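A.B. asks: Turn this into a model:
(chains A and B)
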Amino acid sequence: MLPAWLILGAAFGYLCLLFAIAYWGDKRADAGRSVVASPYIYALSIAVYCTAWTFYGSVGRAASSGIDFLPIYLGPTLVAILWWQLMRKILRISKSNRITSIADFIASRYGKSQLLGGLVTVIAVIVITPYIALQLKGVSASYQVLSYYPEIVMPSDQRGDSILQDTALYVAALMAAFAMLYGTRHIDATERHDGMVAAIAFESIVKLVAFLVVGGFVTWWMFDGLEDIFTQASMRADIAPLFTSVGSTGYGGWVTLTLLSMAAILFLPRQFQVLVVENVNERHLDKAVWLFPLYLLLINIFVLPLALAGLLVFERGTVDPDTFVLTLPMLDRDPFIALFAFIGGLSAATGMVIVETIALSTMVCNDLVMPILLRLRWLRLTERGDLTRLLINIRRASIVFILFLGYLYFHFIGGSYALVTIGLLSFAAVAQFAPAIIGGIYWRRGTRSGALIGLSLGFVIWVYTLLVPSFVRSGWLPADLLEQGPWGVELLNPYALFGLAGFDPLSHALFWSMVFNIGGYVLVSLVTRQSPTERVQATRFVEAYQPAGGSERGNQWRGQASYRDLYALAVRFIGKVRADRAFEEYAAGRGLNLAKLQVADASMLQFTERVLAGAIGAASARVMVASAVQGENVGLNEVMAILDEASQVIEYSRQLETKSLELEQASAELRAANLRLKELDRLKDDFMATVTHELRTPLTSIRSFSEILHDNPEIASAQRTEFLGIITKESERLTRLINQVLDLAKIEAGQFDWQIDAVEPKAVIEDAVAAVSQLFKDKEVALGAELPLSLPAVTADRDQLMQVVMNLLSNAVKFSPPKTGRVTISAAATAGGVEVRVRDNGPGVLPEHREMIFEKFRQVGDTLTDKPEGSGLGLPISKRIIEHFHGHIWVESTPGQGATFAFIVPTAPARAVMDAAK
Amino acid sequence: MRDTYISDRLIALFLLGVLAISPPLLAVFRAEAFVFGMPLLFVYLFGAWALLVGFLALVIEARRAEMPDPPAED
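C.D. replies: I've put the predicted structure just below:
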């Protein structure tokens, strides 16, 4: 006999133990010595995957269709191998984005879309609440079975008259209390619940040990080991086919179940809760990769033997295979093994209910209720400072609501087909999250609209191809819907949509829902654009995982950088004003003092990256921020320098080109100037030498004759007169030379006192000829003048013009041979003015000397052998005078046949001539 | 990188696992034969499963032995 008080007492005692463990776990966490910070606890908490459905249902499934309960556990085993890459990435994303639930994850990825988060939450609640009801049903049914001990009586679906007599209600209430106590103790960024995880890990141990104990008991106590069970079963024609059966749905169903369970282990809200939200350390994932599959292997080893044993010992149809785990020990009259089996089933059910409820309440609170409340302006929630109390209360209300809803499902439709099949149906429903999540973390292009459309279409197909048929089978909808389709449209038959027949319902639903889900997601993503927030989030999600980095930490940024560096970086890309504003907002949101801030933490790095991404694209932003993080290969200064170079090198190069061109020109000019200077220097030396020589010659003769006169007072009077004449003449020559030098200096310095006027050139020439005629007579050189009757007046200084003509004439007489010499002066009016020519029949001028002779002291010829014929200043002075009159002077000559010196002076304007005539 | 090395091996194990439970191989092991007094399919599936878990543990733990966890984090 197993009295009710003992069963209830054991159940209540077990639940109290859970409360105690959770309490202890939270206390330890508060003290900073968390018990859940262990890879073993982590792996055990993931085993919340195994529910009452596993505990009781697997055996039932194996009893009817053989080994096909296994894909539900093989799928998660395969996915666990991929956790190393996939879950690590999801973990890293979730920690850096402070993700609290699967709805949060999807919403965050697609631009923090509240609509998407709400949709995911609604789907999860619709799908998971019946699943919770199924657990309550498992507890209730197992209690009923056990309460008849030692009789084996199947529970009826008839509820008792009073709800208060229903054990499921009390279980639900206790679970609600547990979830409220340990699932909503505090609201913080991590959303971790140490006590709850400790309790769940404990439950995982209990259910595994309970199942193994029952399995071992049946196999080795009731039977003689596995061989015995299999041998006996092989002799029964109705049981033996189970050995080779892969289920009623064949290989198609096998593959479908594998795929569905692969999605379920990742995306069931409770799995996401324990895998991601409750994860303490990314490294714990390593051990879970093999520990969790090991757990699944162990809890499944006795499933088939138990099913076979049940079929062997019970008469077919009398005992529900789903209760074999409980009824086999009962058959052997072992109350404590039976009680232990009940507790194992209870632990499997409560573990699932607790985690699922907490996960759903977080989603309902954060992604459904709060967004709506914040939109209701009259509540003025946005103005209230502290919302944590409100958040906790919303979560507690959600927990009560979800569990009560689950209980209502159980109470009113507990025996329906719809509820019994909800386990696999919920797998198919959460598989709809897969495209948005997997696509979201590997495909940057996925958009919010794409995810919304894909998810909605997939869910609608799920409702139509799985939920509606289950309603039909429960008798709530007309049966001909499944036979002829709605309104007789065969193409819309929920079991053969668009004519796709021949598949089992689950494979059929999975195929169509995925076609529409993935198709909608990809196509709509390709034709829609991402908002800036979406783009930033997409990059954060897709690029969160870098296998080469080998990072073991949850944060994207591991290093530190100085705030100044980050600020400088931001200023560089978005300007001082925007950078100031951005950082001030950031600091204000966190109560930081920017003025005192030295080291920027990881979140500030992320913030900076986000700020930069808007300006320079996410990929570049990441690189730039990485450069500011200490310990990286490239220093910030170097990157700054590289940037400077990149932006300035073109400018520099252009400037350099210009400068080098200018320099080349300047250098050429300098070289020319230098040459000219050297030449001038040499000329100056020559000039000095010549002047000295020219001055000394007359001085010498003056001094000689003066000494003779001084030393010989008795010298003859005639001779004295002659000597004095020479002295006078030489003095005049000296004076003239000095005047010429002074004149030249004055002209060159621009200080000459010009008397510019209209001048009659003919008169000037005649005066000049008269002035120099004595020279010609002395040297017996003939002087001819060929002048026209009249010449136009020219603009000149009369005295200087006469000086030029005299210079040319005296120059000509100097170089003309005595006696045979002949000099002719001619003048003519030309287009450019009055041209005057002086021709001699001297030695002429060599072509290479024609320019030189107009330079100072350039006396052509060998000055050592030839007696110098003049001061050498006549022609240079003439040239400067004529040029001052805007005229031109030149020489024409054929060596040996004399030379012609000519100049041209512009004619004066008519008025000036009139003035001159007066 | 050692992590890449582990990654490659895990992906290989994943592919091996997919192959092991693929319908064609199941069809091969669905023969009505007994091994150690147990049905072939049962022995094959659990044997392959156990082997896979063993390899996983080997790959992961060999790596963990080389790179022990920092004490501060565990």
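A.B. asks: Show me what the top helix by length along chain A is packed up against.
C.D. replies: Criterion DSSP state H: the longest helix present in chain A is helix A:636-711. Packed against helix A:636-711 by the contact rule (3 or more Cβ pairs under 8 Å, 6 or more residues apart in numbering or on different chains; DSSP states H and E) you find helix A:563-590, helix A:618-628, helix A:717-749. C-beta here means a position set from N, CA and C on the backbone, and glycine is covered the same way.
A.B. asks: Let me see the ranges of the strands in chain B.
C.D. replies: Here chain B has its strands, by DSSP state E, at B:34-35, B:38-39.
A.B. asks: so how many other residues sit close to the closest residue to residue A:747 other than its chain neighbours?
C.D. replies: Setting aside the residues directly before and after it, residue A:747 is nearest to residue A:880 in space (Cβ to Cβ, 6 or more residues apart in numbering or on different chains), at 4.7 Å. As a burial measure, residue A:880 scores 20 neighbours (other Cβ atoms under 10 Å in any protein chain shown).
A.B. asks: Helix, strand, or coil at residue A:880?
C.D. replies: helix (DSSP: H, G, I helix; E, B strand; the rest coil).
A.B. asks: Surely it is in contact with residue A:745?
C.D. replies: No - contact criterion Cβ atoms under 8 Å: residue A:880 and residue A:745 do not qualify, at 10.8 Å.
A.B. asks: separation between the residue nearest to residue A:747 and residue A:744?
C.D. replies: If you measure residue A:880 against residue A:744 using Cβ to Cβ, to the nearest Å, the figure is 7 Å.
A.B. asks: Kindly report the same for residue A:766.
C.D. replies: Taken as Cβ to Cβ, the span from residue A:766 to residue A:744 is 26 Å.
A.B. asks: Residue A:183 now?
C.D. replies: 114 Å.
A.B. asks: Mind checking which of these two has more residues around it?
C.D. replies: Legend: neighbour count by other Cβ under 10 Å for residue A:183 and residue A:744, higher for residue A:183 (24 against 17).
A.B. asks: if I look at the closest residue to the more buried one other than its chain neighbours, how far off is chain B?
C.D. replies: Distances taken as Cβ to Cβ, 6+ apart place residue A:358 nearest to residue A:183, at 3.6 Å, with adjacent residues excluded. In this view, residue A:358 and chain B are 25 Å apart by Cβ to the nearest Cβ, to the nearest Å.
A.B. asks: Burial check on residue A:358, number of neighbours?
C.D. replies: Using other Cβ under 10 Å, residue A:358 is surrounded by 29 other residues.
A.B. asks: What strand or helix carries it?
C.D. replies: Assigned by DSSP states H and E, residue A:358 falls within helix A:335-363.
A.B. asks: Outside of stretch A:878-886 itself, list whatever touches it.
C.D. replies: A:744, A:747-748, A:752, A:754, A:756, A:794-797, A:800-801, A:803-804, A:807-808, A:854, A:888-889, A:903, A:905-906 (Cβ atoms under 8 Å, 6 or more residues apart in numbering or on different chains).
A.B. asks: Show the contacting residues for the nearest residue to residue A:783 once chain neighbours are set aside.
C.D. replies: Spatially, and ignoring its direct neighbours in sequence, residue A:783 is nearest to residue A:776 (4.5 Å; Cβ to Cβ, 6+ apart). If you count contacts by Cβ under 8 Å, 6+ apart, residue A:776 has them with A:782-783, A:813, A:823.
A.B. asks: burial count for residue A:459?
C.D. replies: 23.
A.B. asks: what about it, which SS state?
C.D. replies: Following three-state DSSP, residue A:459 is assigned to helix.
A.B. asks: before we move on, the earlier item: between the contacts of residue A:776, which is nearest residue A:683?
C.D. replies: When these are ranked by distance to residue A:683 (Cβ to Cβ), residue A:813 comes first, at 26.4 Å.
A.B. asks: Point me to the helix or strand that includes the closest one.
C.D. replies: Under the assignment here (DSSP H and E), residue A:813 is part of helix A:798-815.
A.B. asks: So which elements touch that helix?
C.D. replies: Using 3+ Cβ pairs under 8 Å, 6+ apart: helix A:798-815 touches strand A:756-759, helix A:761-779, strand A:822-830, strand A:833-839, helix A:874-884, strand A:899-905.
A.B. asks: and residue A:21, how far is that from residue A:209?
C.D. replies: 15 Å.
A.B. asks: where are the low-confidence patches of the stretch 51-200 of chain A?
C.D. replies: Applying pLDDT under 70 to the stretch 51-200 of chain A picks out residues A:155-165, A:185-191.
A.B. asks: Return the residues in contact with the residue of it found nearest chain B.
C.D. replies: Nearest residue of the stretch 51-200 of chain A to chain B, counting by Cβ to the nearest Cβ: residue A:81, 4.3 Å away. Going by Cβ under 8 Å, 6+ apart, residue A:81 touches A:289, A:293, B:10, B:13-14, B:17, B:52, B:56.
A.B. asks: excluding its backbone neighbours, what's nearest it?
C.D. replies: residue B:14 (4.3 Å).
A.B. asks: Test my guess that the one you found contacts residue A:80.
C.D. replies: No - using Cβ under 8 Å, residue B:14 makes no contact with residue A:80, being 9.3 Å away.
A.B. asks: Show me which of those two is the more surrounded one.
C.D. replies: residue A:80 (30 against 20).
A.B. asks: Going by secondary structure, the more buried one is in what exactly?
C.D. replies: helix A:71-83.
A.B. asks: Packing partners of the helix or strand just after that helix?
C.D. replies: Downstream of helix A:71-83, the first helix or strand assigned by DSSP H and E is helix A:86-97. If you count contacts as 3+ Cβ pairs under 8 Å, 6+ apart, helix A:86-97 packs onto helix A:102-109, helix A:250-267, helix A:284-300, helix A:433-442, helix A:532-542.
A.B. asks: for the helix or strand residue A:64 falls within, packing partners?
C.D. replies: Using DSSP H and E, residue A:64 maps to helix A:58-65. Counting contacts by 3+ Cβ pairs under 8 Å, 6+ apart, helix A:58-65 is packed against helix A:303-313, helix A:324-331.
A.B. asks: Of the ones you listed, flag the one that's most buried.
C.D. replies: helix A:324-331 (a mean of 26; mean count of other Cβ atoms under 10 Å in any protein chain shown).
A.B. asks: For burial, what's the neighbour tally of residue A:722?
C.D. replies: Residues contacting residue A:722 under the criterion other Cβ under 10 Å number 12.
A.B. asks: same check, this time on the one 3 residues further on
C.D. replies: Counted with other Cβ under 10 Å, the neighbours of residue A:725 add up to 11.
A.B. asks: which bits of the stretch 151-300 of chain A sit near chain B?
C.D. replies: For the stretch 151-300 of chain A, the contact set with chain B under Cβ under 8 Å from any Cβ of the partner chain comprises A:226-227, A:230-231, A:234, A:240, A:243-244, A:246, A:251, A:254-255, A:258, A:281, A:283, A:286-287, A:289-290, A:293-294, A:297, A:300.
A.B. asks: And those residues, which of them are buried?
C.D. replies: Buried members of these, counted by 16 or more other Cβ atoms under 10 Å in any protein chain shown: A:226, A:230, A:234, A:240, A:243-244, A:246, A:254-255, A:258, A:281, A:283, A:286-287, A:289-290, A:293-294, A:297, A:300.
A.B. asks: quick one: buried residues of stretch A:797-816?
C.D. replies: A:797-798, A:800-816.
A.B. asks: residue boundaries of the helices in chain B?
C.D. replies: B:2-20, B:23-29, B:40-66.
A.B. asks: Using JSON lines, lay out the ones you listed together with mean pLDDT.
C.D. replies: Below are the helices of chain B laid out as JSON lines (pLDDT from 0 to 100):
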{"stretch": "helix B:2-20", "mean pLDDT": "83"}
{"stretch": "helix B:23-29", "mean pLDDT": "84"}
{"stretch": "helix B:40-66", "mean pLDDT": "84"}
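A.B. asks: Which of the helices and strands packed on helix A:636-711 has the highest mean neighbour count?
C.D. replies: Mean neighbours per residue, mean count of other Cβ under 10 Å, is largest over those for helix A:618-628, with a mean of 20.
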